[in-house]
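Visitor: Give me coordinates for this.
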Amino acid sequence: MRQQIEEIGSVSNRKRGAEQDPPQPIVDTCRNDPRADGGKGHVFHRLWWCQEHGFTARATDTNGNILGEASVNYIAIAWGSYTSRDILVELQKTTLGKPTGVFSDPDAVRFIIGANCADTGTGNGCAVQYPTVNKTLTEWGNDQEWHNWLITSDESKSTSPDLVLRHRWNLSASVEVPGGTGGPFPSPTPYHLIRCDSAAYFAGRPKACINDEVLPYITYEINSAPAISVHDIAVHIREAQDTPDLTFPPSPTPKRIPGKYIYENPKDNGLRRIPEADEGPNRAVVRQACDQLRPIPSDEQCDEYPFASTMEGAASPDWDFSAKAVNGRENTRAGGYLRWYVFWDRMLYRDMDSYYVNIID
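Guide: Down below sits the predicted model:
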């Protein structure tokens, strides 16, 4: 997964749309994971969302009797970007429903599919490049291409830190039949949320757009292989999250330590990243606690949670913390994982973003 994220995050969406079909492992994941089924689809990572869905046109008379149906089913992927302020939406037809009634001539009935920004024309900075795809049902039946739309974000419309803008987009379809339209048109998909920024503190990645309908979290595994082990750190974080009152330093009042990941339903606040230059107060408080744990063996280090790189760190007036002596090599490794994570998950500073910590066995 790590290599896959780095590869996806290093390719511009304009290049991806012009030169490449989606990577087959991503397509297979979309096809095989039931979370991608339906109008909402699923965000697997901030860099990609996917969906298996379909549009159905149904004509009725004034009494509600069905006069005909036609449908186009598809798979769609929305790629985030760590090189520019855009999202690339790619769509491929999968199957067609059998057209009936007023839609029964597949050479005459046309299905038109496209991507849209919500609130188009309001000056919110969202725009869609590339036209709708207009084909007869026969042409859709023979079509195996990936069709794409580029959703762009105009940073000049933002007054927020890091020039952040959030936009909503969706897919929609319309139908044409000889002598008129085939309305009522198929229902569009629900809107999907993206976030775009121009944060200058990501080396080599000054602009980005991500799929924003996901709960960000980093995972530490207790029983991973020795070469990648972060056992002591994972155990420490679990203790801090699950039994904070048993952690060091003790407190005369119940301790509150945030950041625990619960699938799609966190009970605590997330952790908010801060610049390295602002970590000093957190580290100073931790240092005082660690001095009380000494002597610490030479192969161990004093670890703290929440991390010193967050607003919820040891100096926070709103939250408590835990300090514990852990394996030094594992602690260094866990810090490297965290630095990788906040970069490749595009964690913005302070109140512009937050993430959780997931501990697994």
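Visitor: Tell me which residue lies farthest from the centre of this protein.
Guide: Ranked by distance from the centre of the chain (Cα atoms, centre = their mean), the top residue is residue 63, with 44.2 Å.
Visitor: pLDDT below threshold where in the stretch 251-361 of the chain?
Guide: Scanning the stretch 251-361 of the chain for pLDDT under 70 picks out nothing.
Visitor: can you rerun that using 90?
Guide: Residue ranges of the stretch 251-361 of the chain with pLDDT under 90: 263-269, 294.
Visitor: can you give me the strands for it?
Guide: Counting by DSSP state E, counting those that start in this stretch, the stretch 251-361 of the chain has strands at residues 300-305, 322-327, 356-360.
Visitor: Those strands into JSON lines, with extra columns for mean neighbour count and distance to residue 150?
Guide: Where C-beta positions appear, they are placed from N, C-alpha and C, glycine not excepted. Shown next, in JSON lines, are the strands of the stretch 251-361 of the chain (neighbours: other Cβ atoms under 10 Å; distance: least, Cβ to Cβ, whole Å):
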{"stretch": "strand 300-305", "mean neighbour count": "22", "distance to residue 150": "41"}
{"stretch": "strand 322-327", "mean neighbour count": "22", "distance to residue 150": "46"}
{"stretch": "strand 356-360", "mean neighbour count": "19", "distance to residue 150": "31"}
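Visitor: quick one, which of the ones you listed is nearest to residue 22?
Guide: Smallest distance to residue 22 across these (Cβ to Cβ): 27.1 Å, for strand 356-360.
Visitor: residues in contact with the closest one?
Guide: With contact meaning Cβ atoms under 8 Å, 6 or more residues apart in numbering, strand 356-360 is reached by 215-222, 234, 237-238, 241, 259-261, 266, 268, 270-271, 305.
Visitor: Using PDB, list the CA coordinates for that strand.
Guide: The C-alpha coordinates for strand 356-360 follow below in PDB (Å, rounded to 0.1, in the frame of the first residue of the first chain):
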ATOM      1  CA  TYR A 356      -6.700   9.600  14.400                       C
ATOM      2  CA  VAL A 357      -4.400   6.700  15.600                       C
ATOM      3  CA  ASN A 358      -5.500   3.100  15.100                       C
ATOM      4  CA  ILE A 359      -3.900   0.400  17.100                       C
ATOM      5  CA  ILE A 360      -4.300  -3.200  15.900                       C
END
